[in-house]
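Student: whatever this is, show me its structure:
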Amino acid sequence: MSRRVRRRCSYSRDKEKVTVLPPYPEAYDHCEIPLPAAAAVDWTALPDDTVVQIFSRLNYGDRACLASTCRAWRLLGSSPSLWTSLDLRAHRCDLDTAAALAGRCAHLRRLRFHGSSSASALINLQARCLREIAGDYCRDITDATLSVLAARHEALESLQIGPEPCGRITSDAVRHVAMCCTRLRRLRLSGIREINGEAINALARHCPQLAEVAFLDCSMVDEGALEKVVSLKFLSVAGSRNLKWATASLSWSNLPSLVGVDVSRTDISASAVSRLLSTAKALKVMCALNCAALEEEGSHSPTAFSNTKGKLLFAQFTDVFKGIASLFRGSVVKEQTIFEEWRSLQNEDKILSDIMNWLEWILSHSLLRIAESNPHGMDEFWLRQGAALLLSLVRSPQEDVQERAATGLATFVVTDDENATVEPARAEAVMRNGGIPLLLELARSCWEGVQSEAAKAIANLSVNSKVAKAVADEGGIGILANLARSSNRLVAEEAAGGLWNLSVGEEHKAAIAEAGGVKALVNLIFKWTSGVDGVLERAAGALANLAADDKCSVEIAMAGGVHALVTLARLCKVEGVQEQAARALANLAAHGDSNSNNAAVGQEAGALEALVQLTYSQNEGVRQEAAGALWNLSFDDRNREAIALAGGVEALVALAHACANASQGLQERAAGALWGLSVSEANSIAIGREGGVAPLIALARSDAEDVHETAAGALWNLAFNTGNALRIIEEGGVPALVHLCSSSGSKMARFMAALALAYMFDGRMDEVALVGSSLEGCSKSVNFDGARRMALKHIEAFVLTFSDPHVFSMAAASSAPAALAQVADAARIQEAGHLRCSAAEIGRYIAMLRNPSSILRACAAFALLQFTIPGGRHAMHHAGLMQKAGAPRVLRAAAAAATAPVEAKIFARIVLRNLEHHQLEASA
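Tutor: Okay, the predicted model is just below:
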């Protein structure tokens, strides 16, 4: 059979929605200026401001490397203007990193980090002038760490920890933050179990400038105590639970400066919303997205909140764009582009600007959280305004808003994480609203965090074939290939995910290769060797898809991809990476007739041993892809023997035994790999002795055509050996093969089952059958004659299915080539042209032409017809073997035999004609 190329179908780069961390700029090579070959560049002659500009485009690691080249650049690399903002989310930050950075952080104003361990290390940065701290993925951050962080940075004006829950932070830490950071203007904390009145009172007492508080997804908040924070302008309790809404609405109404309130994703009642809107004097905006009780009231009474005294309520049943546009009284604005127009307006209204900035932040946060939870009944909202809102927010000048909006776009289109199902209507809504060019533009941002999230959105959207085409048409493949070269792991990971999903489409593979994507993906494997499972899985998955294309598979090998993928298969312990690496090797090995990759994979040190070991994996996907790789590799003679030496026979027999209840894909590949190995007589005997006959018979009974086809192929090869043939009979294989021969929907399965039965009853096994069982210690009773009669009856019936009596009578009466060609066309099994037989096998069919059984003579002639039909992959090879074995003489005798059935005569004549054709072709 031909090699099977296994492609990853619409499987989103992400099996799961990964909330990515990010930032850092990358210097693109779009603007290369050609220089004369002999020209020498004196980089030290560049103006200082130009060098500083170059430094500003680099992340801190590259900046430090460049600064180490000379004293002048070291001085420029330490310029305070380069170190006012630092984003460490994409980098491992420990005490050594903090110590190395400390000398440059005297003027640091803004810091972003990732993880609790980074928070502990950053205490040593000595950035006394720090104004903003933002940390994410800080689930394990403790009171002690947060308290010391605040104590070391008393000038803080903004502190944000989240959006992941910080379950180990208590009210004590909030109280310490209040006492240490008296200039605090903004406090955003997520997932705290309880924020009590004492902590809130400390904020009210010590932080007189505190204008914004966000207690998100908290278990308990003392809503009454918030009344004392009189400086509060913006309050968000989105996702928080156990709030007493009667108390909250009464207390918050007394806040003199409260302009905006966000209660999204809470159980707030319609009456509490009405009370706040009617009694809070300064309130202008209230956001209440995905509030079940409120939505129910709104659906029953659409006008219930129409009279809000000019105050805006944003909910699923309201028009958010229209509401925001109403804030700009006296200005001519378009509702759908209100955010863009506001950014371009020279508006000196500070309160309005504050409202808009806050709205961008809370909307991006709530929309992302709603997209992640994917509540039922949101389709109308997303299609009507949700997608457009996210696209508006990705244009925000606020970096974290851009990131969350891009992540929201990546997330809301995925409606089933486990199966990576992308909702076509949602994906196409993004495309219709101009989202693809916008996301590609963001992917070229100087902020690596934005690059990462934009690439992630492109990756998920590209699961939809229409969107994938739009991405390719807009130049997205080149952009993603560039991002895959990023030194920022998170950017490279999401870009690789985008290339993975785009490479599903056959039409995109060549474009990815032309854009340098193959080399970039291979380099990712060499670059991120361990501890970065996401980037390795995505890179290997993309290479697996690309390897299905012949030209791309050659380029992968030239780029060092074979070594990279074998290294992953050998050393990586992550199942997702193992699966994709094995799949990539399987697809690389599937082009043995057109390139040398099959042999190259087998010759790579440790490749076959690694794949054999992967068949023992606990993960079914890994076992399946490893078996598929061994199947494809077994088409090479040297690989076939090397697989057996590496323990492949034992491993694959064990796999076949274990996969009775496994997926059809695993069953097919397990049987296919044994089929490939059994081409060798030594391997065939080893498979029989190892107990491989019984599981193959069980797989031959499968309802899936692909499975029983490969099982029939393996049993056909095994039956060539008389000991195995007897094993098949003793294990009950005759009824299974008879069933395949008569009932399978696959012509190939029926054909190979018939050939296996012919081997078993062509007379060579008669002496063995008389002696007794081939199975040591076996006392099974076998009715050999009954099995023979059953087999011959169904072989005859199979051959007759290709015999039209009228056409055969015409061919028998005439020797005209047209009549024989008509019979050959009707009898041809297209896939049989991919089968390759050895000299011994061809000799056996020639001998069968002399068999006393007319049924077996007809079967042998039919088989030789399939193997020699012009156009078959190995037809010339088979014709040469037959000439050497003296087949023409035997065929002429069979065609002229008076007692032979008409089918045997006609098929023999067609085979003779085929041999003449190949002889003429060879001489020409």
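Student: nearest residue to M748 in space, please, no chain neighbours.
Tutor: E831 (4.8 Å; C-beta to C-beta, 6 or more residues apart in numbering). C-beta coordinates here come from the backbone N, C-alpha and C atoms, glycine included.
Student: right, and T182 touches R205 too?
Tutor: No - contact criterion C-beta atoms under 8 Å: T182 and R205 do not qualify, at 9.7 Å.
Student: by mean pLDDT, flag the weakest helix or strand of the chain.
Tutor: helix 766-771 (a mean of 59; mean pLDDT, DSSP states H and E).
Student: list the buried ones in the longest helix seen in the chain?
Tutor: Scanning the chain for the longest helix, with DSSP state H as the assignment, gives helix 350-373. Within helix 350-373, the residues scored as buried using 16 or more other C-beta atoms under 10 Å are 352, 354-372.
Student: again, but for stretch 439-449
Tutor: Buried positions in stretch 439-449, judged by neighbour count with 16+ other C-beta under 10 Å: 439-440, 442-443, 445, 447-449.
Student: stretch 98-106 now?
Tutor: Counting neighbours by 16+ other C-beta under 10 Å, one finds that the buried residues in stretch 98-106 are 98, 101, 104-105.
Student: ranges for the helices of the stretch 501-650 of the chain?
Tutor: For the stretch 501-650 of the chain, the helices defined by DSSP state H, counting those that start in this stretch cover 506-514, 517-527, 533-547, 550-558, 561-571, 575-588, 597-603, 607-614, 620-633, 637-645, 648-658.
Student: kindly report the same for the stretch 51-200 of the chain.
Tutor: 60-67, 71-77, 95-102, 116-122, 143-152, 171-180, 197-206.
Student: closest one to E604 among those helices?
Tutor: Of all these, helix 60-67 sits nearest to E604, with 32.7 Å by C-beta to C-beta.
Student: same for that closest one, what does it pack against?
Tutor: Packing contacts for helix 60-67, counted by 3 or more C-beta pairs under 8 Å, 6 or more residues apart in numbering; DSSP states H and E, involve helix 48-56, helix 71-77.
Student: and A457, how far from H300?
Tutor: Going from A457 to H300 by C-beta to C-beta, to the nearest Å gives 36 Å.
Student: before we move on, what about V213?
Tutor: 33 Å.
Student: higher neighbour count, those two?
Tutor: In this view V213 and H300 are compared by other C-beta atoms under 10 Å, and V213 has more residues nearby, 24 against 9.
Student: does that one sit in a helix, a strand or a coil?
Tutor: strand (DSSP: H, G, I helix; E, B strand; the rest coil).
Student: which stretch in the helices of the stretch 51-200 of the chain is the model least sure about?
Tutor: For the helices of the stretch 51-200 of the chain, the weakest mean pLDDT is recorded on helix 60-67, namely a mean of 74.
Student: tilt between that one and helix 95-102?
Tutor: Orientation check (axes from the mean of the first three to the mean of the last three C-alpha atoms, to 10 degrees): helix 60-67 against helix 95-102 gives 60 degrees.
Student: ok, and what's touching helix 60-67?
Tutor: Helix 60-67 is touched from outside by 24, 54-55, 58, 73-74, 76-78, 82, 86, 88, 91, 100-101, 487, with contacts defined as C-beta atoms under 8 Å, 6 or more residues apart in numbering.
Student: repeat that for stretch 669-686.
Tutor: 1, 4, 624-625, 627-628, 630-635, 640-641, 643-644, 648-649, 652-653, 655-656, 659, 687, 692, 696, 699, 707, 710-711, 713-714, 717-718, 720-721, 723-724, 838, 840.
Student: show me what contacts T567?
Tutor: I525.
Student: actually T266, not the one I typed
Tutor: T266 touches 237-241, 243, 288, 291, counting by C-beta under 8 Å, 6+ apart.
Student: please identify, among those residues, the one with the most neighbours.
Tutor: Counting by other C-beta under 10 Å, top hit in the contacts of T266: A288 with 28 neighbours.
Student: okay, domains of this protein per the record?
Tutor: Structural domains of the chain, as assigned by the TED database, span the residue ranges 647-766+783-798, 802-923.
Student: tabulate the ones you listed (CSV), appending mean neighbour count and distance to K551.
Tutor: Output for the domains of the chain, formatted as CSV (neighbours: other C-beta atoms under 10 Å; distance: least, C-beta to C-beta, whole Å):
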stretch, mean neighbour count, distance to K551
domain 647-766+783-798, 22, 25
domain 802-923, 18, 20
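Student: returning to that earlier point: which one of the helices and strands packed on helix 60-67 lies closest to A134?
Tutor: Between those, helix 48-56 lies closest to A134; by C-beta to C-beta that is 20.2 Å.
Student: how about the closest one: buried residues?
Tutor: 51-52, 54-55.
Student: what's the angle between the strand or helix carrying V430 and helix 350-373?
Tutor: With elements taken from DSSP states H and E, the one containing V430 is helix 424-432. With the same axes, to 10 degrees defining the directions, helix 424-432 sits at 150 degrees from helix 350-373.
Student: CA atoms only for helix 424-432, dumped as CSV, please.
Tutor: Extracted C-alpha coordinates of helix 424-432, given in CSV (Å, rounded to 0.1, in the frame of the first residue of the first chain):
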residue,chain,number,x,y,z
PRO,A,424,-17.4,30.0,12.1
ALA,A,425,-19.9,32.9,12.5
ARG,A,426,-17.8,34.5,15.2
ALA,A,427,-14.6,34.1,13.3
GLU,A,428,-16.1,35.5,10.2
ALA,A,429,-17.6,38.4,12.2
VAL,A,430,-14.1,39.4,13.1
MET,A,431,-13.1,39.2,9.5
ARG,A,432,-16.0,41.3,8.2
